[in-house]
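**Student:** okay, structure incoming, though there's no sequence with it:
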């Protein structure tokens, strides 16, 4: 039995029958996309790590409990679980923003945990982190389409169906997201210039 | 009848969300229309940038998940 050659549907079915290797392969294939989706919503690596575990644990319960019936669409299914848990967590943390660490200290006492602003990332020139920060700043309906297309591998028609809009609306949201990202990226990569009138010799 | 293409069609082409017939017609459009070619380049470059942001979770989290599954299977 070559697990690496199986598609997701076969892996789920073999896993339900007791093959742990099949589950390990599903996790290996999809962990990055699930993790990135969560991170782009909650904006905190440590919270994202915890939620990733919650997502796969929930998936284990659903698959073993006979509640998986997505027929070959494992990735959109698990990303949807991730999206819902991440949104719940984000809303909860928005209401109760103080985060206490294991040692009882407030997270604000630990500067290394602080998230860099878009401006700081621009100065540091960290391109990937900058793009992540810009995606996080997109309006929710645009961000949703970007996440579904890039990290759930859903077609635009599937996105339209899942979000209850027409395909043209889904495409329009994606176009605006790309245009917004491009504008912000251009701003970010523009060299800093001094006001020539102000800095005269 | 000649199909009129829109920016949405270019976007679907960038994401490979078109039929082979549509792909041929859009390739033809991109060769002959500077305006649509410029739009194509803009979408494609941002798409590439988004692809770069994928992140890896820690090995510890993955180990926890796999161990949970094993113990769950043993219990049930």
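**Tutor:** Everything's here; your move. Everything numeric here is computed off the predicted structure, so don't read it as measured data.
**Student:** mean pLDDT per helix and strand in chain A: which one sits at the bottom?
**Tutor:** When the helices and strands of chain A are scored by mean pLDDT, DSSP states H and E, helix A:118-124 comes last with a mean of 62.
**Student:** name the next helix or strand downstream of it, please.
**Tutor:** Later in the chain than helix A:118-124, the nearest helix or strand by DSSP states H and E is helix A:127-137.
**Student:** just checking, what packs against that next one?
**Tutor:** Secondary-structure packing of helix A:127-137 (3 or more CB pairs under 8 Å, 6 or more residues apart in numbering or on different chains; DSSP states H and E): helix A:20-42, helix A:118-124, helix A:140-151, helix A:167-189, helix B:34-51. For the C-beta atoms, the positions are set from N, CA and C on the backbone; glycine is no exception.
**Student:** which stretches of chain B aren't confidently modelled?
**Tutor:** B:1-2 (pLDDT under 70).
**Student:** how about the residue most central in space within it: what's its closest non-neighbour residue?
**Tutor:** Nearest to the mean C-alpha position of chain B, counting by CA atoms, centre = their mean, stands residue B:15 at 4.6 Å. Nearest residue to residue B:15, sequence neighbours excluded (CB to CB, 6 or more residues apart in numbering or on different chains): residue A:149, at 6.6 Å.
**Student:** residues from chain B in reach of chain A?
**Tutor:** Contact residues (CB under 8 Å from any CB of the partner chain) of chain B with chain A: B:7-8, B:11-12, B:15, B:17, B:42-43, B:45-47, B:49-58, B:60-62, B:64-66, B:68-70, B:72-73, B:76.
**Student:** mark which of the residues you listed are buried, thanks.
**Tutor:** Among these, those classed as buried by 16 or more other CB atoms under 10 Å in any protein chain shown are B:7-8, B:11-12, B:15, B:17, B:42-43, B:46-47, B:49-50, B:53-55, B:57, B:61-62, B:64-66, B:69, B:73.
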